[in-house]
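Colleague: Below are the sequence and a predicted model; questions follow.
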Amino acid sequence: MPALGRLEDLPLDYRDELQRLNLVPLWPNLRTVLPPRVPSRQTKPVHWPYATIRPLLMRAGELTPMEKAERRVLVLANPGHGLENMKASPAMYLGMQLLLPGEWAPSHRHTPNAVRMVVEGRGATTTVNGEKCPMERGDLILTPTGQWHEHAHDGDEPVVWLDVLDLPLVYYTETSYAIEGQRQAVLPGRGDAIYAAGGVVPTSAFVRSEVPYPMLRYPWSSTRAALVALAENQPALEAVQVTYVNPETGRDVQNNLGFYALMLRPGQALRLPARSSSQVFHLIEGGVDVQVLDSRFPLVEADTCCTPGYEAVTLANRSATEPAFVFIADESPLHRKLGVYEVRA
Ligand code: GTQ
(Lines give C-alpha, C1' and ligand atoms only; values in the text may rest on other atoms or scores of the structure.)
Protein backbone atom coordinates (compact mmCIF):
# COMPACT_ATOMS: atom_id res chain seq x y z
CA MET A 1 0.00 0.00 0.00
CA PRO A 2 1.82 3.15 -1.21
CA ALA A 3 2.28 6.13 1.12
CA LEU A 4 -0.01 8.99 0.14
CA GLY A 5 0.63 12.71 -0.03
CA ARG A 6 0.49 14.62 3.27
CA LEU A 7 -1.32 17.84 4.05
CA GLU A 8 2.05 19.52 4.68
CA ASP A 9 3.07 18.70 1.10
CA LEU A 10 0.47 21.17 -0.17
CA PRO A 11 1.21 24.92 -0.48
CA LEU A 12 -0.18 26.95 2.40
CA ASP A 13 -2.26 29.26 0.19
CA TYR A 14 -3.91 26.23 -1.44
CA ARG A 15 -4.75 24.70 1.96
CA ASP A 16 -6.10 28.02 3.19
CA GLU A 17 -8.33 28.42 0.16
CA LEU A 18 -9.72 24.90 0.52
CA GLN A 19 -10.47 25.56 4.17
CA ARG A 20 -12.21 28.86 3.41
CA LEU A 21 -14.47 27.06 0.93
CA ASN A 22 -15.27 24.16 3.32
CA LEU A 23 -13.27 21.69 1.26
CA VAL A 24 -10.89 18.95 2.44
CA PRO A 25 -8.39 16.94 0.36
CA LEU A 26 -9.13 13.25 0.82
CA TRP A 27 -5.69 11.72 0.24
CA PRO A 28 -4.00 12.92 3.48
CA ASN A 29 -6.95 11.39 5.43
CA LEU A 30 -7.72 8.35 3.30
CA ARG A 31 -5.75 5.83 5.37
CA THR A 32 -7.26 7.16 8.56
CA VAL A 33 -10.85 6.60 7.52
CA LEU A 34 -10.07 3.44 5.51
CA PRO A 35 -7.23 1.72 7.38
CA PRO A 36 -5.85 -1.53 5.96
CA ARG A 37 -7.83 -4.65 6.97
CA VAL A 38 -8.67 -3.73 10.57
CA PRO A 39 -10.68 -0.64 11.61
CA SER A 40 -9.18 1.76 14.10
CA ARG A 41 -11.11 1.46 17.35
CA GLN A 42 -11.38 3.92 20.21
CA THR A 43 -13.07 1.30 22.39
CA LYS A 44 -10.56 0.23 25.04
CA PRO A 45 -10.99 -2.87 27.17
CA VAL A 46 -12.36 -1.53 30.47
CA HIS A 47 -13.35 -3.25 33.73
CA TRP A 48 -15.82 -1.58 36.09
CA PRO A 49 -15.75 -3.56 39.36
CA TYR A 50 -19.10 -3.28 41.14
CA ALA A 51 -17.33 -2.98 44.49
CA THR A 52 -15.89 0.36 43.34
CA ILE A 53 -19.17 1.66 41.83
CA ARG A 54 -21.50 0.71 44.68
CA PRO A 55 -20.24 3.05 47.43
CA LEU A 56 -20.17 5.98 44.98
CA LEU A 57 -23.70 5.20 43.84
CA MET A 58 -24.91 5.06 47.45
CA ARG A 59 -23.16 8.39 48.02
CA ALA A 60 -25.09 9.80 45.03
CA GLY A 61 -28.21 8.63 46.86
CA GLU A 62 -27.25 10.92 49.76
CA LEU A 63 -25.98 13.81 47.65
CA THR A 64 -28.68 14.04 45.00
CA PRO A 65 -32.40 13.60 45.66
CA MET A 66 -34.54 12.14 42.86
CA GLU A 67 -36.08 15.55 42.10
CA LYS A 68 -32.59 16.73 41.15
CA ALA A 69 -31.64 13.62 39.22
CA GLU A 70 -34.73 12.22 37.48
CA ARG A 71 -32.53 9.19 36.80
CA ARG A 72 -29.80 8.66 39.43
CA VAL A 73 -27.14 7.01 37.31
CA LEU A 74 -23.37 6.70 37.27
CA VAL A 75 -22.33 6.19 33.65
CA LEU A 76 -19.75 3.52 32.86
CA ALA A 77 -17.74 5.53 30.35
CA ASN A 78 -14.93 4.24 28.17
CA PRO A 79 -11.89 6.58 28.40
CA GLY A 80 -11.01 5.62 24.84
CA HIS A 81 -14.10 7.50 23.65
CA GLY A 82 -13.60 10.43 26.06
CA LEU A 83 -15.45 10.14 29.38
CA GLU A 84 -17.71 13.10 28.59
CA ASN A 85 -19.12 11.27 25.58
CA MET A 86 -20.62 8.62 27.89
CA LYS A 87 -19.99 5.65 25.61
CA ALA A 88 -18.89 2.15 26.53
CA SER A 89 -18.49 1.43 22.81
CA PRO A 90 -19.52 3.18 19.57
CA ALA A 91 -23.21 2.32 19.99
CA MET A 92 -23.54 1.25 23.63
CA TYR A 93 -24.16 3.36 26.71
CA LEU A 94 -23.94 1.74 30.16
CA GLY A 95 -25.18 3.18 33.45
CA MET A 96 -25.65 1.91 37.00
CA GLN A 97 -28.93 3.29 38.30
CA LEU A 98 -29.93 3.53 41.98
CA LEU A 99 -33.47 3.72 43.29
CA LEU A 100 -34.01 4.00 47.04
CA PRO A 101 -37.07 2.68 48.89
CA GLY A 102 -40.11 4.87 48.26
CA GLU A 103 -38.52 6.71 45.35
CA TRP A 104 -40.04 7.13 41.91
CA ALA A 105 -38.31 7.95 38.64
CA PRO A 106 -40.99 9.77 36.62
CA SER A 107 -42.52 8.56 33.39
CA HIS A 108 -40.92 9.52 30.12
CA ARG A 109 -40.31 8.10 26.68
CA HIS A 110 -37.43 8.63 24.34
CA THR A 111 -36.06 7.59 20.99
CA PRO A 112 -33.09 5.53 22.27
CA ASN A 113 -33.78 1.89 23.14
CA ALA A 114 -32.99 0.78 26.68
CA VAL A 115 -32.81 -2.43 28.68
CA ARG A 116 -32.28 -2.95 32.40
CA MET A 117 -30.31 -5.83 33.91
CA VAL A 118 -31.14 -5.97 37.62
CA VAL A 119 -28.01 -6.09 39.79
CA GLU A 120 -29.22 -6.03 43.40
CA GLY A 121 -32.20 -5.43 45.67
CA ARG A 122 -35.86 -6.36 45.52
CA GLY A 123 -39.14 -4.50 45.41
CA ALA A 124 -38.59 -2.18 42.45
CA THR A 125 -40.74 -2.20 39.34
CA THR A 126 -40.49 -0.63 35.90
CA THR A 127 -43.82 0.16 34.25
CA VAL A 128 -43.54 0.06 30.46
CA ASN A 129 -46.54 1.29 28.47
CA GLY A 130 -48.78 0.24 31.36
CA GLU A 131 -47.14 -3.16 31.99
CA LYS A 132 -45.74 -3.29 35.52
CA CYS A 133 -42.55 -5.38 35.46
CA PRO A 134 -41.12 -6.63 38.76
CA MET A 135 -37.33 -6.28 38.93
CA GLU A 136 -35.40 -9.19 40.42
CA ARG A 137 -31.69 -9.94 40.26
CA GLY A 138 -30.74 -11.00 36.71
CA ASP A 139 -34.07 -10.04 35.12
CA LEU A 140 -33.87 -8.26 31.77
CA ILE A 141 -36.51 -5.54 31.33
CA LEU A 142 -36.98 -3.88 27.94
CA THR A 143 -37.96 -0.25 27.47
CA PRO A 144 -37.82 -0.06 23.67
CA THR A 145 -37.83 3.14 21.62
CA GLY A 146 -40.88 5.30 22.16
CA GLN A 147 -42.32 3.31 25.06
CA TRP A 148 -43.36 5.11 28.24
CA HIS A 149 -41.37 3.98 31.24
CA GLU A 150 -41.10 4.87 34.91
CA HIS A 151 -39.37 3.19 37.84
CA ALA A 152 -40.90 2.76 41.30
CA HIS A 153 -39.67 1.12 44.49
CA ASP A 154 -41.92 -0.35 47.21
CA GLY A 155 -39.20 -2.45 48.88
CA ASP A 156 -36.96 -1.62 51.82
CA GLU A 157 -33.41 -1.86 50.45
CA PRO A 158 -31.62 -0.02 47.64
CA VAL A 159 -32.20 -1.39 44.16
CA VAL A 160 -29.50 -1.11 41.50
CA TRP A 161 -29.64 -2.06 37.86
CA LEU A 162 -27.45 -1.78 34.78
CA ASP A 163 -28.93 0.32 31.97
CA VAL A 164 -27.84 -0.56 28.43
CA LEU A 165 -28.92 1.94 25.77
CA ASP A 166 -28.12 2.57 22.12
CA LEU A 167 -27.90 6.24 23.09
CA PRO A 168 -24.50 6.95 21.46
CA LEU A 169 -25.83 5.76 18.11
CA VAL A 170 -29.14 7.59 18.35
CA TYR A 171 -27.37 10.74 19.55
CA TYR A 172 -24.84 10.47 16.70
CA THR A 173 -27.65 10.31 14.15
CA GLU A 174 -29.19 13.47 15.71
CA THR A 175 -32.39 11.64 16.56
CA SER A 176 -32.15 11.53 20.37
CA TYR A 177 -34.90 13.24 22.37
CA ALA A 178 -37.27 12.57 25.29
CA ILE A 179 -40.85 13.46 26.19
CA GLU A 180 -42.00 13.86 29.80
CA GLY A 181 -45.22 12.12 30.79
CA GLN A 182 -47.77 11.52 33.53
CA ARG A 183 -47.77 8.62 35.94
CA GLN A 184 -48.97 5.62 33.94
CA ALA A 185 -52.15 3.68 34.63
CA VAL A 186 -51.20 0.04 35.20
CA LEU A 187 -52.92 -2.34 32.80
CA PRO A 188 -53.64 -6.00 33.57
CA GLY A 189 -51.52 -8.76 31.99
CA ARG A 190 -47.82 -9.45 31.63
CA GLY A 191 -45.81 -10.64 28.67
CA ASP A 192 -43.58 -12.86 30.80
CA ALA A 193 -46.72 -14.76 31.86
CA ILE A 194 -48.29 -15.17 28.41
CA TYR A 195 -44.95 -16.13 26.81
CA ALA A 196 -43.88 -18.35 29.72
CA ALA A 197 -43.31 -21.52 27.67
CA GLY A 198 -40.91 -21.81 24.75
CA GLY A 199 -42.32 -22.93 21.41
CA VAL A 200 -45.91 -21.79 21.94
CA VAL A 201 -47.37 -18.29 21.64
CA PRO A 202 -50.85 -16.99 22.48
CA THR A 203 -53.16 -17.23 19.47
CA SER A 204 -56.58 -15.93 20.44
CA ALA A 205 -59.07 -16.98 17.70
CA PHE A 206 -56.09 -17.90 15.48
CA VAL A 207 -54.74 -14.36 15.58
CA ARG A 208 -51.11 -13.76 16.49
CA SER A 209 -50.03 -10.62 18.26
CA GLU A 210 -48.49 -7.96 16.07
CA VAL A 211 -47.35 -5.61 18.80
CA PRO A 212 -43.66 -4.83 18.21
CA TYR A 213 -42.53 -5.70 21.75
CA PRO A 214 -44.81 -8.47 23.07
CA MET A 215 -42.49 -9.45 25.93
CA LEU A 216 -40.89 -6.79 28.10
CA ARG A 217 -39.62 -8.79 31.08
CA TYR A 218 -37.29 -11.78 30.76
CA PRO A 219 -37.15 -13.33 34.25
CA TRP A 220 -33.70 -14.59 35.21
CA SER A 221 -35.16 -17.76 36.75
CA SER A 222 -36.47 -18.81 33.29
CA THR A 223 -33.33 -17.79 31.40
CA ARG A 224 -31.08 -19.57 33.89
CA ALA A 225 -33.23 -22.71 33.73
CA ALA A 226 -33.03 -22.63 29.91
CA LEU A 227 -29.22 -22.49 30.06
CA VAL A 228 -28.99 -25.32 32.59
CA ALA A 229 -31.36 -27.45 30.47
CA LEU A 230 -29.36 -26.67 27.33
CA ALA A 231 -26.11 -27.66 29.05
CA GLU A 232 -27.59 -30.92 30.32
CA ASN A 233 -29.24 -31.79 27.02
CA GLN A 234 -26.13 -31.05 24.93
CA PRO A 235 -23.13 -32.26 26.94
CA ALA A 236 -20.81 -31.73 23.95
CA LEU A 237 -22.01 -28.19 23.22
CA GLU A 238 -19.20 -25.69 23.70
CA ALA A 239 -21.03 -22.38 23.88
CA VAL A 240 -24.04 -22.78 26.16
CA GLN A 241 -25.67 -19.52 25.13
CA VAL A 242 -29.12 -18.11 24.48
CA THR A 243 -30.23 -14.94 22.69
CA TYR A 244 -32.98 -12.74 24.08
CA VAL A 245 -35.56 -12.75 21.28
CA ASN A 246 -39.00 -11.44 20.50
CA PRO A 247 -41.07 -14.63 21.00
CA GLU A 248 -43.41 -13.77 18.10
CA THR A 249 -40.72 -13.22 15.49
CA GLY A 250 -37.65 -15.02 16.84
CA ARG A 251 -35.67 -11.89 16.08
CA ASP A 252 -33.45 -9.88 18.40
CA VAL A 253 -35.52 -8.13 21.09
CA GLN A 254 -34.44 -4.67 20.02
CA ASN A 255 -33.47 -2.83 16.86
CA ASN A 256 -29.79 -2.10 17.33
CA LEU A 257 -28.29 -3.99 20.26
CA GLY A 258 -28.21 -7.74 20.84
CA PHE A 259 -28.56 -9.38 24.27
CA TYR A 260 -27.46 -12.85 25.31
CA ALA A 261 -26.97 -15.04 28.37
CA LEU A 262 -24.08 -17.48 28.53
CA MET A 263 -23.35 -20.33 30.90
CA LEU A 264 -19.80 -21.49 31.44
CA ARG A 265 -19.56 -25.03 32.71
CA PRO A 266 -17.39 -25.66 35.79
CA GLY A 267 -13.75 -25.08 34.81
CA GLN A 268 -14.65 -24.15 31.23
CA ALA A 269 -12.63 -21.67 29.17
CA LEU A 270 -14.48 -20.48 26.06
CA ARG A 271 -12.86 -18.58 23.20
CA LEU A 272 -15.28 -16.25 21.44
CA PRO A 273 -14.00 -15.63 17.89
CA ALA A 274 -13.20 -12.07 16.80
CA ARG A 275 -16.36 -10.37 15.55
CA SER A 276 -16.92 -6.87 14.24
CA SER A 277 -18.95 -5.83 17.30
CA SER A 278 -17.75 -4.47 20.60
CA GLN A 279 -19.12 -6.43 23.54
CA VAL A 280 -20.22 -5.84 27.11
CA PHE A 281 -19.98 -8.60 29.71
CA HIS A 282 -21.83 -8.44 33.03
CA LEU A 283 -21.36 -11.26 35.51
CA ILE A 284 -24.64 -12.50 36.98
CA GLU A 285 -23.30 -15.49 38.90
CA GLY A 286 -19.92 -17.08 39.63
CA GLY A 287 -16.37 -15.96 38.87
CA VAL A 288 -15.08 -15.41 35.32
CA ASP A 289 -11.80 -14.15 33.87
CA VAL A 290 -12.23 -12.12 30.68
CA GLN A 291 -9.17 -11.97 28.45
CA VAL A 292 -8.82 -9.61 25.46
CA LEU A 293 -5.65 -8.17 23.90
CA ASP A 294 -3.29 -7.48 26.83
CA SER A 295 -6.07 -7.19 29.41
CA ARG A 296 -7.31 -9.80 31.84
CA PHE A 297 -10.30 -8.87 34.00
CA PRO A 298 -11.12 -11.12 36.97
CA LEU A 299 -14.88 -10.49 37.12
CA VAL A 300 -16.74 -11.16 40.34
CA GLU A 301 -20.52 -11.06 40.63
CA ALA A 302 -22.11 -7.77 39.43
CA ASP A 303 -18.90 -6.66 37.66
CA THR A 304 -19.09 -5.26 34.13
CA CYS A 305 -16.47 -4.95 31.38
CA CYS A 306 -16.33 -4.11 27.70
CA THR A 307 -14.15 -5.25 24.82
CA PRO A 308 -13.49 -3.76 21.36
CA GLY A 309 -14.63 -5.37 18.13
CA TYR A 310 -12.38 -7.45 15.82
CA GLU A 311 -10.66 -9.12 18.81
CA ALA A 312 -11.14 -12.62 20.14
CA VAL A 313 -12.27 -12.76 23.77
CA THR A 314 -11.69 -15.68 26.10
CA LEU A 315 -13.98 -16.28 29.08
CA ALA A 316 -12.76 -18.66 31.79
CA ASN A 317 -14.82 -19.94 34.69
CA ARG A 318 -12.57 -19.82 37.77
CA SER A 319 -14.64 -22.43 39.62
CA ALA A 320 -13.98 -26.12 39.02
CA THR A 321 -17.27 -27.08 40.66
CA GLU A 322 -19.89 -24.41 39.88
CA PRO A 323 -21.22 -22.99 36.61
CA ALA A 324 -20.95 -19.26 35.88
CA PHE A 325 -23.54 -17.06 34.17
CA VAL A 326 -22.76 -14.01 32.05
CA PHE A 327 -25.03 -11.40 30.48
CA ILE A 328 -23.66 -10.12 27.15
CA ALA A 329 -24.66 -7.11 25.06
CA ASP A 330 -23.34 -6.29 21.59
CA GLU A 331 -23.99 -4.23 18.47
CA SER A 332 -24.45 -7.11 16.04
CA PRO A 333 -28.10 -6.35 15.06
CA LEU A 334 -26.90 -2.91 14.01
CA HIS A 335 -23.88 -4.36 12.19
CA ARG A 336 -26.13 -6.79 10.28
CA LYS A 337 -28.36 -3.92 9.16
CA LEU A 338 -25.33 -1.95 8.06
CA GLY A 339 -24.03 -5.02 6.23
CA VAL A 340 -20.71 -4.90 8.10
CA TYR A 341 -21.18 -7.83 10.50
CA GLU A 342 -18.17 -10.15 10.43
CA VAL A 343 -16.84 -13.16 12.27
CA ARG A 344 -13.12 -13.87 11.90
CA ALA A 345 -11.80 -17.22 13.00
O1 GTQ B 1 -34.10 4.86 33.23
O2 GTQ B 1 -35.11 5.95 31.67
O3 GTQ B 1 -29.27 5.31 32.27
O4 GTQ B 1 -33.75 7.69 30.30
C5 GTQ B 1 -30.27 6.90 30.85
C6 GTQ B 1 -31.40 7.50 30.35
C7 GTQ B 1 -31.60 5.51 32.24
C8 GTQ B 1 -34.07 5.61 32.24
C9 GTQ B 1 -30.38 5.91 31.78
C10 GTQ B 1 -32.65 7.10 30.78
C11 GTQ B 1 -32.75 6.09 31.75
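Modeller: Great, that's in hand.
Colleague: Within range of the ligand, give me the residues from the stretch 51-200 of the chain.
Modeller: By Cβ under 6 Å from any ligand atom, the residues of the stretch 51-200 of the chain that approach the ligand are 71, 73, 95, 97, 110, 114, 149, 163, 165. In this view, the C-beta of every residue, glycine as well, is placed from N, C-alpha and C.
Colleague: tell me the contacts of the residue most central in space within the chain?
Modeller: The structure's the chain has its C-alpha centroid closest to Val164; by Cα atoms, centre = their mean the separation is 3.7 Å. Val164 makes contacts with 92-94, 114-117, 257, 259, 280, 329, as judged by Cβ atoms under 8 Å, 6 or more residues apart in numbering.
Colleague: so is the nearest residue to Glu120 once chain neighbours are set aside in a helix, a strand, or just coil?
Modeller: Counting by Cβ to Cβ, 6 or more residues apart in numbering, Glu120 lies nearest to Val160, which is 5.0 Å off, once chain neighbours are set aside. Classification of Val160 using DSSP: H, G, I helix; E, B strand; the rest coil returns strand.
Colleague: ranges for the helices of this structure?
Modeller: 12-20, 30-33, 50-63, 167-172, 191-194, 220-233, 332-338 (DSSP state H).
Colleague: which of those is buried the deepest?
Modeller: Burial of the helices of the chain is given as mean neighbour count (mean count of other Cβ atoms under 10 Å); helix 167-172 ranks first at a mean of 20.
Colleague: which residues does the closest residue to the ligand within the stretch 151-300 of the chain contact?
Modeller: In the stretch 151-300 of the chain, the residue that lies nearest the ligand is Asp163 (3.5 Å; Cβ to the nearest ligand atom). Contact partners of Asp163, counting by Cβ under 8 Å, 6+ apart, are 73, 93-97, 114-116.
Colleague: quick one: which of those is nearest to the ligand?
Modeller: Top of the list for closeness to the ligand, among the contacts of Asp163 and by Cβ to the nearest ligand atom, is Gly95 at 3.4 Å.
Colleague: What's the separation between that closest one and Trp220?
Modeller: 20 Å (Cβ to Cβ, to the nearest Å).
Colleague: can you check Pro266 too?
Modeller: 20 Å.
Colleague: Same check on Trp27?
Modeller: 53 Å.
Colleague: Please apply the same query to Pro39.
Modeller: From Pro39 to Trp220 the distance is 35 Å (Cβ to Cβ).
Colleague: Repeat that for Gly287.
Modeller: Taking Cβ to Cβ, one finds Gly287 at 18 Å from Trp220.
Colleague: residues in contact with Arg109?
Modeller: Neighbouring residues of Arg109 by Cβ under 8 Å, 6+ apart: 146-149, 178-179, 181.
Colleague: Pipe these into TSV and attach neighbour count and pLDDT per row.
Modeller: Converted to TSV, these look like this (neighbours: other Cβ atoms under 10 Å; pLDDT from 0 to 100):
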residue	neighbour count	pLDDT
Gly146	14	98
Gln147	18	98
Trp148	19	98
His149	25	98
Ala178	11	98
Ile179	11	98
Gly181	13	97
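Colleague: Let me know whether Ala124 touches Leu99 as I believe.
Modeller: Yes: contact criterion Cβ atoms under 8 Å: Ala124 and Leu99 qualify, at 5.4 Å.
Colleague: so what's Met1 scoring on pLDDT?
Modeller: Confidence at Met1, expressed as pLDDT, is 83.
Colleague: What of Gly339?
Modeller: Looking at Gly339, the pLDDT reads 98.
Colleague: swap in the one 4 residues further on?
Modeller: In this prediction, Val343 carries a pLDDT score of 98.
Colleague: how much space between it and the ligand?
Modeller: 30 Å (Cβ to the nearest ligand atom, to the nearest Å).
Colleague: My understanding was that that residue contacts Leu272; is that so?
Modeller: No: here Val343 lies out of contact with Leu272, judged by Cβ under 8 Å, at a distance of 9.7 Å.
Colleague: what's the spacing between Met117 and the ligand?
Modeller: Counting by Cβ to the nearest ligand atom - Met117 and the ligand are separated by 12 Å.
Colleague: Which of the contacts of Arg109 sits closest to Glu103?
Modeller: The closest of the contacts of Arg109 to Glu103 turns out to be His149 (Cβ to Cβ; 15.0 Å).
Colleague: Can you tell me the closest non-neighbouring residue to the closest one?
Modeller: Distance criterion Cβ to Cβ, 6+ apart; nearest residue to His149, sequence neighbours excluded, is Thr143 at 4.1 Å.
Colleague: pLDDT wise, what is Gln97 at?
Modeller: Value listed for Gln97 in the pLDDT field: 98.
Colleague: show me what contacts it?
Modeller: Counting by Cβ under 8 Å, 6+ apart, Gln97 has contacts 71-73, 105, 116, 151, 160-163.
Colleague: Leaving out the residues flanking it, which one is nearest to it?
Modeller: Val73 (4.6 Å).
Colleague: residue contacts, that neighbour?
Modeller: By Cβ under 8 Å, 6+ apart, the contact set of Val73 is 95-98, 163.
Colleague: next one: Leu283
Modeller: For Leu283, the contact set (Cβ under 8 Å, 6+ apart) comprises 299-304, 324-327.
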